[in-house]
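J.: one predicted model, sequence on top.
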Amino acid sequence: MSKPQRGLTDGPITSTLIRFSLPLLVTTLLHTIVGTSNAAWVSHVLGPGELIAVVNANVMLIILMALVTGFGVAAGVFVGQAMGADDPHAANQTIGTAISFALAAGAIIAGIGLFSVEAIIDLLQMPQETRADSIIYFRIFCLSMPTLFVFIFSTMILRSTGDAKTPFIFSTVWIALGFILTPLLLTGVFGLPRFGIAGAAISGWIANAVALISLYIYIYRKNLPLALRGENLRYLRPDPSTLYQLAKRAIPTAAEAIIVQGAYFMLLSLVNAYGVVTAAGYAAASQLWGYVQLPTFAITASMSMMAAQNIGAGQWDRVNKIALRGCVLSFLCATAMAFLVYALDDLPLRLFLSKGSEEMQVALEINNVVLWAWPVLAITFGLFGIVRANGVVLPSAIIFAISMWGLRIPFANMLQPQLGSAAIWWRMPLGIFASALPALAYYRWGKWRQQTLR
């Protein structure tokens, strides 16, 4: 097990944070571009109704994934701190337990998704004309869960060791294959079968499986930390103590993700109740939010990994500097992206919707209400990322539960009779500001610095 990458525990902070964030930022950007491309192909080839099906199915899949990806986050923190403390036994034990858990959990979640999809779609109040396509897309995507979880866990752990390059390379392989395969399988060109909406799910499954196999061939050839050999293969047998410690941190993280995504699930049910026009407008508008949030996700993940290694090395002065500089950087980047989307007006939305259509007007209205608040959310995520670097995850779950379920949903339900669908859009800025102030207070005065992982 190699020692922590130089620069994460010493050297300049801002430039290191930017350098460490760039591979993840580019990877996430490429993922988002492919998602946009897939949505555009689905919308223009099959129609706006199928776009609604894909967006709704993706939210359901994220909720299912949230049940276990918290273990990946916790494993990354454990491995990062073990690297910072130069403890290869603890790092290997966490790696083996996490990878075995990812494979088993992926299979279980796939089964849950396959057998419960119809009930979930009914809860979402999906427009009847999109229901069948949502079921097809969801069920096929569920089959990719085992390989998807192992790939996600593996890249999380690699980044926690200070290696941002390898996840970037093989995420790019996944993205590129998906970008090529989706239109081919969707339309059936070059004599290939025309799978329709199923092609969008099948292409992602094939691309992810190829990327995972290629990743592990590379890991073993380069003898990276995940390359368990010989007697170290025993670590693939899940260690009950390690699994318990991971679960203590992962369950609140999973609960937080379920709280957040569950709120979006409720949002979709409210949106879908307004019919295809409103649902299609929301589906198109939400495609652009990923671009505004891109810097936030990349910088927050890098802040957390850098902080974890510095906590492991006992360098708390650097942890505080990482928090301040990372939050400022994330806020400025998110602000720039929001201004860019506003400046482009309806141009990016034309990828999915016809100019001047009712759906286009709905999408523009939504973005006018929502986008300006995203930079504040960047600060909240940044502070929670630092707190999680020391294994403290429950406070963020509680804060999001209060802001989303205690404020957002009652706000939308109460004001819909007066504001109509606008009440749904205005609940988002309300929830963002309601979570930002408690996050800042907990970072400043909370007892998260006193936590120990084991």
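T.: Great, that's in hand. Numbers count the residues shown, from 1 in each chain.
J.: and the gap between the residue of the chain most remote from its centre and Ile202?
T.: For the chain, the C-alpha farthest from the mean C-alpha position belongs to Gly191; by CA atoms, centre = their mean, that distance is 35.3 Å. Computed with CB to CB, to the nearest Å, the distance linking Gly191 and Ile202 is 17 Å. Where you see a C-beta, it was placed from the backbone N, CA and C, and this is true even at glycine.
J.: please apply the same query to Arg194.
T.: Look at Arg194 and Ile202: by CB to CB, they are 12 Å apart.
J.: those two: which is more packed in?
T.: Ile202 (21 against 13; other CB atoms under 10 Å).
J.: tell me the mean pLDDT for the strand or helix carrying that one?
T.: Using DSSP states H and E, Ile202 sits in helix 197-221. For helix 197-221, mean pLDDT rounds to 88.
J.: before we move on, what about stretch 288-297?
T.: Stretch 288-297 comes out at a mean pLDDT of 84.
J.: let the chain start at 45 from now.
T.: New numbering, starting at 45: the last item is stretch 332-341.
J.: CA atoms only for it, dumped as CSV, please.
T.: C-alpha atoms of stretch 332-341 as CSV (Å, rounded to 0.1, in the frame of the first residue of the first chain):
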residue,chain,number,x,y,z
LEU,A,332,-29.6,21.5,-17.2
TRP,A,333,-29.3,21.5,-13.4
GLY,A,334,-26.6,18.8,-13.6
TYR,A,335,-24.4,21.3,-15.5
VAL,A,336,-24.8,23.9,-12.8
GLN,A,337,-24.1,21.4,-10.1
LEU,A,338,-21.0,19.9,-11.8
PRO,A,339,-18.4,22.0,-10.0
THR,A,340,-20.1,21.4,-6.7
PHE,A,341,-20.0,17.6,-6.9
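J.: distance between it and the chain's centre?
T.: Relative to the centre of its chain, stretch 332-341 is centred 11 Å away, using CA atoms, centre = their mean, to the nearest Å.
J.: quick one: the helices in the stretch 345-494 of the chain, in order.
T.: Counting by DSSP state H, counting those that start in this stretch, the stretch 345-494 of the chain has helices at residues 360-388, 402-414, 418-432, 438-445, 453-463, 466-489.
J.: one step back: list the buried residues for the helix holding Ile246?
T.: 241-256, 259-260, 263 (16 or more other CB atoms under 10 Å).
J.: show me the shaky parts of the stretch 45-194 of the chain.
T.: Residue ranges of the stretch 45-194 of the chain with pLDDT under 70: 45-52, 75, 92-93, 100-113, 128, 168, 171.
J.: thinking again about what came up before, Thr138: which of the helices of the stretch 345-494 of the chain is closest?
T.: Nearest to Thr138 among the helices of the stretch 345-494 of the chain is helix 418-432; the distance by CB to CB comes to 15.5 Å.
J.: make CSV from the helices of the stretch 345-494 of the chain and add mean pLDDT, distance to Ala345 and mean neighbour count to it.
T.: Shown next, in CSV, are the helices of the stretch 345-494 of the chain (pLDDT from 0 to 100; distance: least, CB to CB, whole Å; neighbours: other CB atoms under 10 Å):
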stretch, mean pLDDT, distance to Ala345, mean neighbour count
helix 360-388, 91, 10, 18
helix 402-414, 90, 23, 20
helix 418-432, 90, 7, 25
helix 438-445, 83, 15, 20
helix 453-463, 82, 28, 14
helix 466-489, 89, 17, 18
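J.: adding distance to Val117, write the ones you listed out as CSV.
T.: Formatted as CSV, those follow (distance: least, CB to CB, whole Å):
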stretch, distance to Val117
helix 360-388, 17
helix 402-414, 26
helix 418-432, 7
helix 438-445, 11
helix 453-463, 25
helix 466-489, 17
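J.: wait, which of these is closest to Leu270?
T.: Here helix 418-432 is closest among those (CB to CB), at 21.6 Å.
J.: contacts for stretch 342-351 next, please.
T.: With CB atoms under 8 Å, 6 or more residues apart in numbering as the test, stretch 342-351 has contacts from 52, 57, 60-61, 64-66, 68-69, 72, 120-121, 124, 203-204, 206, 208, 363, 366-367, 370, 373-374, 377, 422, 425-426, 428-430, 432-434.
J.: quick one on the thing from earlier: closest to Thr322 out of the helices of the stretch 345-494 of the chain?
T.: So among the helices of the stretch 345-494 of the chain, helix 402-414 is nearest, using CB to CB, at 5.5 Å.
J.: how far off helix 360-388 does that closest one point, in degrees?
T.: Orientation of helix 402-414 against helix 360-388 (axes from the mean of the first three to the mean of the last three CA atoms, to 10 degrees) gives an angle of 140 degrees.
J.: re earlier: against Leu388, how distant is the residue farthest from the centre of the chain?
T.: Distance from Gly235 to Leu388, by CB to CB: 38 Å.
J.: ok, Ala466 next?
T.: In this view, Ala466 and Leu388 are 23 Å apart by CB to CB.
J.: go on, Asp54?
T.: Counting by CB to CB, the gap from Asp54 to Leu388 is 41 Å.
J.: check Leu147 too.
T.: The gap separating Leu147 from Leu388 is 42 Å, by CB to CB.
J.: please give me every residue in contact with the closest residue to Leu90 other than its chain neighbours.
T.: Nearest residue to Leu90, sequence neighbours excluded (CB to CB, 6 or more residues apart in numbering): Ile241, at 6.1 Å. If you count contacts by CB under 8 Å, 6+ apart, Ile241 has them with 86, 90, 94, 97-98, 177, 180-181, 230.
J.: ok, and the most crowded of those residues?
T.: When the contacts of Ile241 are compared by neighbour count (other CB under 10 Å), Ala97 ends up highest, at 30 neighbours.
J.: contacting residues around that one?
T.: Going by CB under 8 Å, 6+ apart, Ala97 touches 170, 174-175, 177-178, 181, 241.
J.: between the two ends of stretch 350-370, how far is it?
T.: One end of stretch 350-370 sits 11 Å from the other (CA to CA, to the nearest Å).
J.: now that stretch: how far from the chain's centre is it?
T.: Using CA atoms, centre = their mean, the offset of stretch 350-370 from its chain centre is 23 Å.
J.: which SSE is Phe223 in?
T.: Per DSSP H and E, Phe223 falls inside helix 209-231.
J.: pull out the buried residues from that helix.
T.: Within helix 209-231, the residues that count as buried by 16+ other CB under 10 Å are 210-212, 214-219, 221-223, 225-231.
J.: now it: average pLDDT?
T.: If you average the pLDDT over helix 209-231, you get 85.
J.: against which helices or strands is that helix packed?
T.: If you count contacts as 3 or more CB pairs under 8 Å, 6 or more residues apart in numbering; DSSP states H and E, helix 209-231 packs onto helix 57-89, helix 189-204, helix 241-265.
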